[in-house]
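Chemist: sequence first, predicted coordinates after that:
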Amino acid sequence: MTDQAPAQYQGPQRVLSGVQPSGALHLGNYLGALVKFARLQHEMECLFCVVDLHAITVWQEPAALAAQTREIAAAYFAAGVDPAKATVFAQSAVPEHSELAWMFQCVARLGWLDRMTQFKEKSGKHKERSSVGLYTYPVLQAADILVYKATHVPVGEDQKQHLELTRDIAGKFNHDYDAPGFFPLCEPLIQGPGARIMSLRDGAAKMSKSDPSDYSRINLTDDADAIAQKIRKARTDPEPLPETAEGLEGRAEAKNLVGIYAALSGVSEADVLAEFAGQGFGAFKPKLADLAVAQLGPVGERMRGFLADPGEIDRILAAGAAKARELAAPTVAEVKRKVGFWSA
Ligand code: AQP
């Protein structure tokens, strides 16, 4: 080990992110992740994976998992990700993720993982019954990012703590193995509308695939009637919409619906309130439903189009995995050399 101050990472700027094939994608995944993916592919080199290794930290039906993986890939394409611009692949098809994750498990400290709030939320009351993988999930996530030396990671607000852990792992590796600047300290790209979409049934809980109530979320595959019905039934309060954002404080459900309207229409919350101030939800909800149907309807339609040709999705994923391995393999080889493993 050395006391030398870490040098800055000098490599290219690169984006990595992923979504778990653990169920139907919802509006939160779309606004918090997919929309950003489509935008970023025009600004930086991008890799987007379907993180199936993460998905099996909770039970997944083996007969359904490959189809779920194709569905996430189809959602990427439907949201505008272009496989000619961005590398799209399944995480399990690039074994270097798992190999680097093991070495990072020996870098990360138990105390760091003990602080991860997502494990506490997902393991619930019976954490002793959770898989070990659910506990070490953020270490694999660090490997996903750092195996490509990614510098930027577009995610929703819920992933902020995991990205801080990724930076801690990168910093400790660089320090312990006397490799200043070897791994970058990645930047989360969280800001912007849609960073935290909440459940339609509970303004204090995030919209999530695993929420038992389908009325808590809008799925990308919902048809117009389902979207309108879910918005009609969304929990709200009896007050009219206020004139300013301060008036939404303490009104979590109202704030969420205004935030969704703003994110879908690409305007600020202030602009939404300027338009709807003084109106009740009886007037606001139908407008929100029309907007959601107009924005998400074509996405669902395109997804179904891509899913009609699973062979083409498989070809794109296979080509993406081959490309991803070309970047990942040299990183792992260099890490093994730094760690001091035997090689012939
Ligand atoms: N409610 C949300 N608002 C904004 N962004 C969100 N994301 C998830 N929920 C919201 C972002 O979507 C990306 C992919 O997430 P994931 O599927 O890999 O895992 P997750 O964060 O655990 O998503 P879910 O829907 O809550 O799944 P389950 O219920 O299976 O755990 C990430 O960038 C995430 O930030």
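Modeler: Thanks, I have the structure now. Residues are numbered from 1 along each chain as shown.
Chemist: other residues contacting stretch 246-257?
Modeler: Residues lying outside stretch 246-257 but in contact with it, judged by C-beta atoms under 8 Å, 6 or more residues apart in numbering, are 197-198, 200, 202-204, 231, 234-237, 239, 241-242, 258, 269, 273, 281, 284-285, 288. Glycine gets a C-beta too; all of them are placed from N, C-alpha and C.
Chemist: can you spell out which helices and strands pack onto the host helix or strand of residue 15?
Modeler: Secondary structure assignment for residue 15, by DSSP states H and E: strand 14-19. If contacts are counted by 3 or more C-beta pairs under 8 Å, 6 or more residues apart in numbering; DSSP states H and E, strand 14-19 sits against helix 35-40, strand 45-50, helix 62-78, helix 132-146, strand 152-154.
Chemist: among these, which is nearest the ligand?
Modeler: Evaluated with C-beta to the nearest ligand atom, these place strand 152-154 nearest to the ligand, the distance being 7.0 Å.
Chemist: next secondary structure after the closest one?
Modeler: The helix or strand immediately downstream of strand 152-154 is helix 160-176, counting by DSSP H and E.
Chemist: check contacts around the residue of the stretch 51-200 of the chain found nearest the ligand.
Modeler: Among residues of the stretch 51-200 of the chain, the one nearest the ligand by C-beta to the nearest ligand atom turns out to be residue 156. It sits 2.4 Å away. With contacts defined as C-beta under 8 Å, 6+ apart, residue 156 is in contact with 28-29, 32-33, 190, 194-197, 206.
Chemist: just to revisit the earlier point, tell me the gap between whichever helix or strand comes after the strand holding residue 15 and the middle of its chain.
Modeler: With elements assigned by DSSP H and E, the helix or strand that comes after strand 14-19 is helix 27-29. The chain centre lies 9 Å from the centre of helix 27-29; the measure is C-alpha atoms, centre = their mean, to the nearest Å.
Chemist: and for stretch 212-221?
Modeler: On the basis of C-alpha atoms, centre = their mean, the separation between the geometric centre of stretch 212-221 and that of its chain is 17 Å.
Chemist: now residue 189. Its backbone dihedrals?
Modeler: Summarising the backbone geometry of residue 189 under the convention degrees, to the nearest 10, its torsions are phi -110, psi 90.
Chemist: what's the local residue count around it?
Modeler: 17 (other C-beta atoms under 10 Å).
Chemist: and residue 340, by the same measure?
Modeler: Residue 340: 7 neighbours (other C-beta under 10 Å).
Chemist: can you pull the pLDDT of residue 5?
Modeler: At residue 5 the predicted local confidence, pLDDT, stands at 49.
Chemist: ignore the last one, residue 2
Modeler: The predicted local confidence for residue 2 comes out at a pLDDT of 47.
Chemist: how about the residues of the chain near the ligand?
Modeler: Proximity of the chain to the ligand is assessed by C-beta under 6 Å from any ligand atom, with 19-20, 22-23, 28-29, 32-33, 155-156, 158-159, 194-197, 206-210 identified as the residues in range.
Chemist: can I have the buried ones of those as a PyMOL selection?
Modeler: In PyMOL, this line selects whichever of these come out buried by 16 or more other C-beta atoms under 10 Å:
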select buried, resi 19+20+22+23+28+29+32+33+155+156+158+159+194+195+196+197+206+207+208+209
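Chemist: one step back: buried ones among the contacts of stretch 246-257?
Modeler: Among the contacts of stretch 246-257, the ones that count as buried (16+ other C-beta under 10 Å) are 197-198, 200, 202-203, 231, 234-236, 241-242, 258, 269, 273, 281, 284-285, 288.
Chemist: ok, residue 292 touching residue 231?
Modeler: Yes: between residue 292 and residue 231 there is a contact under C-beta atoms under 8 Å: 6.4 Å.
Chemist: joint contacts of these two?
Modeler: Common contacts of residue 292 and residue 231, defined by C-beta under 8 Å, 6+ apart, comprise residue 218.
Chemist: tally of neighbours for residue 10?
Modeler: Residues lying near residue 10 (other C-beta under 10 Å) number 7.
Chemist: model confidence for it, exactly?
Modeler: At residue 10, the predicted lDDT confidence score is 91.
Chemist: list the contacts of the closest residue to it other than its chain neighbours.
Modeler: Distances taken as C-beta to C-beta, 6 or more residues apart in numbering place residue 181 nearest to residue 10, at 6.2 Å, with adjacent residues excluded. By C-beta under 8 Å, 6+ apart, the residues touching residue 181 are 6-10, 174.
Chemist: so where's the stretch 101-250 of the chain uncertain?
Modeler: Screening the stretch 101-250 of the chain residue by residue with the criterion pLDDT under 70, one finds no matching range.
Chemist: which parts of it are strands?
Modeler: All strands of the stretch 101-250 of the chain, identified by DSSP state E, counting those that start in this stretch, fall at 152-154, 187-189.
Chemist: just name the most buried of the ones you listed.
Modeler: Taking mean count of other C-beta atoms under 10 Å as the contact definition, the stretch among those with the greatest mean neighbour count is strand 152-154, which reaches a mean of 22.
Chemist: who touches it?
Modeler: Counting by C-beta under 8 Å, 6+ apart, strand 152-154 makes contact with 13-17, 33, 36-37, 40, 44, 145, 159, 163, 166, 186-190, all of which sit outside it.
Chemist: all set now, cheers.
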